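Q: Whatever this is, show me its structure:
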Amino acid sequence: MTNIADLRKSYERAELNEDASHADPLKQFEHWLNEAISAEVPEPNAMTVATVGNNLRPSTRVVLIKGFDERGIVWYTNFESQKGHELAGNPYAALQFHWVELERVVRIEGLVEKVSDEESDAYYRSRPLDSRIGAWASPQSQVISGRGVLVANAARYGAQFLLNPPRPPHWGGYRLKPDNWQFWQGRKSRLHDRLRYRLADTLGADVLWIRERLAP
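A: Coordinates of the predicted model:
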């Protein structure tokens, strides 16, 4: 059996410094995301979402980013899922992207709100038919007796809605509005590069970020 304590890797692919990074964290994120897509890393759009429930216990899950701009980071899910209930009670969350092949991590924290019904409707209509039916078929995070429940639900809703299922009222998008970003680039000897951007102030349409280096 492999001793996991002996598993090590030397990170030597790239560096991250203040002079070469964008002053705007959104632009830095876009640059890194595009590089991850160009490098064809597995699922470059996958991100971990961390929430905290009323019991103060954190929970995480992997979802797919579906949009980002100056307003924040967007993903779609079932509002009645565990994360939906936790966000309803505590609307703050943390996101993490880990692009292993590029030896990079991005962490994002902030307030979460639902996107508009129009945005949720537009994205829902763009999904494949089986995914639209799946949004109806899965009572996400609830206990079910077996996979047969999902198959039966999918068949029932497929027969009911045919080719035009409407967006379920319990399904839609969330947007995290960042107030803290961290960019991590693996470096040799565990002396990794780690830059944090924290929200300093907002003056009209201008958002001011403080960029600072953190010890790894």
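
Q: which residues touch the lowest-mean-pLDDT helix or strand in the chain?
A: Using mean pLDDT, DSSP states H and E, strand 193-203 stands out as the lowest-scoring helix or strand of the chain, at a mean of 88. With contacts defined as Cβ atoms under 8 Å, 6 or more residues apart in numbering, strand 193-203 is touched by 15-18, 21, 25, 28, 178-185, 187, 207-216. Every residue, glycine included, has its C-beta placed from N, CA and C.

Q: Just the buried ones out of these, please.
A: Burial by neighbour count, judged by 16 or more other Cβ atoms under 10 Å, picks out 16, 21, 25, 28, 178-179, 181-185, 187, 207, 209, 211 from the contacts of strand 193-203.

Q: Let's see which of the contacts of strand 193-203 end up in strands.
A: Among those, the members found in strands (DSSP state E) are 178-185, 207-213.

Q: Which residues belonging to the least confident helix or strand of the chain are considered buried?
A: So for strand 193-203, counting by 16+ other Cβ under 10 Å, buried means Asp193, Arg194, Leu195, Arg196, Tyr197, Leu199.

Q: Tell me, what's the model's pLDDT at Asp206?
A: Confidence at Asp206, expressed as pLDDT, is 75.

Q: so how far is Glu70 from it?
A: According to Cβ to Cβ, to the nearest Å, Asp206 stands 11 Å off from Glu70.

Q: quick one, which of the two is more surrounded?
A: Glu70 (10 against 7; other Cβ atoms under 10 Å).

Q: Pick out the lowest-pLDDT one from the ones in strands among the contacts of strand 193-203.
A: Looking at these by pLDDT, the weakest one is Val207, with 79.

Q: Show me what that residue is bridged to.
A: Val207 has the following beta-bridge partners by DSSP bridges: Thr202.

Q: Roughly how far does it sit from Val49?
A: Remark: distance between Val207 and Val49 (Cβ to Cβ) = 23 Å.

Q: go on, Lys177?
A: Using Cβ to Cβ, which is the criterion applied here, Lys177 is 14 Å from Val49.

Q: More neighbours: which of those two?
A: Neighbours per residue (other Cβ under 10 Å) separate Lys177 from Val49, with Val49 holding more: 23 against 15.

Q: Can you check what pLDDT the model gives the more buried one?
A: Taken from the predicted model, the pLDDT recorded for Val49 is 98.

Q: dump the residue contacts of it.
A: Thr60, Arg61, Val62, Val63, Trp75, Lys83, Ala93, Ala94, Leu95.
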